[in-house]
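Trainee: build the 3D model from these lines:
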Amino acid sequence: MRLLLCSLSDVASVNIREALLDLGGWSEAGVHQGQPCLARGNDLLATIQEAHLYADHIDALVSRSCGIDIASVVFLSRHKAASGIPTLTVHPIGNFSKADLGGRPATLVRAAPDMMTSALRDLLSDAAGLGFQVSFEVTHHGPYLEAPTMYIEIGSSEDNWGNKEAARAIATTLISSHHVVAPKAIGIGGGHYAPRFSEVVATKRISFGHMIPNHFADHADDDALRSAVTMALEKSDGANLAYIHKKSMSRSRATHLRHLVESMGATAIESSDLEDL
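Mentor: You can find the predicted model right below:
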C-alpha cells in the first residue's frame, strides 16, 4: 500500500489529514504509536507525533505495526520560506552533501517519479483559482527510508498552513491522481523551486525524479558531480535521462554538464526531445 503520513507536530499536515478524512471511505487497519492507521483502497493513512524530518525508517515501522507492506510513502507536510508566497510543493528527499535537516549525508532516498510528477500535474488543476503557486522543489532534507518517497506540502508561511481549500486540493490530488507513466529523468540546474522542471511536466510526457540545483552543482567538483548524478539516476526508478536547465547557467557550463552526464551513459535531453501530453 501507499503510506500517507501525518505528523501531529505539523499544522499543515493535520489540515491535509482532515481533508483526506472528509473524503470518507476510510476503515481502521491497525495502530501505530497509539494512533489508528486507516485504509482506503490502496492508501494507508498513519499519524505520528514527531516531526517528519527525523522519522527514519517510518515505512518499516508502520509496516511492522500494521502488518501491511508499504510500497511507497507520501509525507503530508508544511512548507516554510522567507518569501511567504502561497505555494503548494512536491519534492523527492535526500541529501547531496551534509544532512543538516535529517536523513543521511550524501545519501538519497528512492524517488517516485511517476507518482510525484502526476501529483504536480493534478495539483495544477485541483488548486486552480486558489491563489497558490504550484511547483516542484529540488531534492533536500530527511528522513531516511527504503521505500520510494515524496513530500507534498502547503506553504509558505503559517498563514497558509491552515488553508482548508489548499488542503482539500492536495487531498483530491492524492486520492484521484491521474497516474501517468512516462520516461524517467533527473533534473540538473535551476534554483530551489525548479521552475523549468515544473513548467516542462505541464505539457510534456516526462517524469522527474531527483533534481540537483545549481547551488550544489556550482560548488561541486567533477567527482562530487558524478557521485550526485550517479545517486540521482539510481534512486530515480532507473532513470537514464537528464534534463539540464541550460538557461540557468552559462553555455560552457551546460556543455560541460552534458558531456559529464553522457560520459556516464545517460542521455541529456531538452524539451524538443519529449512527446506532448
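
Trainee: the stretch 151-277 of the chain: strands as residue ranges?
Mentor: 184-188, 207-212, 241-244, 267-269 (DSSP state E, counting those that start in this stretch).

Trainee: chain center to the second one, what's the gap?
Mentor: The reference is to strand 207-212. 9 Å (C-alpha atoms, centre = their mean, to the nearest Å).

Trainee: related to what we said a few turns ago, which one, of the strands of the stretch 151-277 of the chain, ends up nearest to residue 153?
Mentor: strand 207-212 (15.3 Å; C-beta to C-beta). Using the backbone N, CA and C atoms, a C-beta is placed for each residue, glycine as well.

Trainee: which residues sit against that closest one?
Mentor: 91-92, 94, 96, 108, 111-114, 116-118, 136, 138-139, 180-190, 194, 197, 201, 228-229, 231-232, 235-237, 239, 243 (C-beta atoms under 8 Å, 6 or more residues apart in numbering).

Trainee: so that strand versus strand 184-188, what angle?
Mentor: If you take axes from the mean of the first three to the mean of the last three C-alpha atoms, to 10 degrees, strand 207-212 sits at 30 degrees to strand 184-188.

Trainee: average pLDDT for strand 207-212?
Mentor: Strand 207-212 carries an average pLDDT of 98.

Trainee: that older thread, make JSON lines from the strands of the stretch 151-277 of the chain and add mean neighbour count to it.
Mentor: Formatted as JSON lines, the strands of the stretch 151-277 of the chain follow (neighbours: other C-beta atoms under 10 Å):
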{"stretch": "strand 184-188", "mean neighbour count": "28"}
{"stretch": "strand 207-212", "mean neighbour count": "28"}
{"stretch": "strand 241-244", "mean neighbour count": "24"}
{"stretch": "strand 267-269", "mean neighbour count": "18"}
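
Trainee: need the strands for the stretch 1-150 of the chain, in chain order.
Mentor: 2-7, 27-32, 35-40, 43-48, 72-80, 87-91, 94-95, 107-108, 133-136, 149-156.

Trainee: want to throw the strands of the stretch 151-277 of the chain into a markdown table with distance to residue 72?
Mentor: Below are these laid out as a markdown table (distance: least, C-beta to C-beta, whole Å):
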| stretch | distance to residue 72 |
| --- | --- |
| strand 184-188 | 15 |
| strand 207-212 | 13 |
| strand 241-244 | 21 |
| strand 267-269 | 25 |
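
Trainee: and those: which comes nearest residue 63?
Mentor: strand 207-212 (23.0 Å).

Trainee: tell me the angle that closest one makes with strand 87-91.
Mentor: Per the same axes, to 10 degrees, the angle that strand 207-212 makes with strand 87-91 is 90 degrees.

Trainee: adjacent strands (with direction) for strand 207-212?
Mentor: Here strand 207-212 is paired, per DSSP bridges, with strand 184-188 (parallel).

Trainee: residues touching the partner strand, excluding its own?
Mentor: By C-beta under 8 Å, 6+ apart, strand 184-188 touches 113-114, 136, 138, 194, 196-197, 206-212, 217, 229, 232-233, 236-245, 257, 261, 269.

Trainee: try it again with 6 Å
Mentor: Strand 184-188 has contacts (C-beta atoms under 6 Å, 6 or more residues apart in numbering) with 113, 197, 206-212, 232-233, 236-237, 239, 241-244, 257.

Trainee: now that strand: mean pLDDT?
Mentor: 98.

Trainee: isn't residue 35 right up against residue 47?
Mentor: Yes - Residue 35 is within contact range of residue 47, at 4.1 Å (criterion: C-beta atoms under 6 Å).
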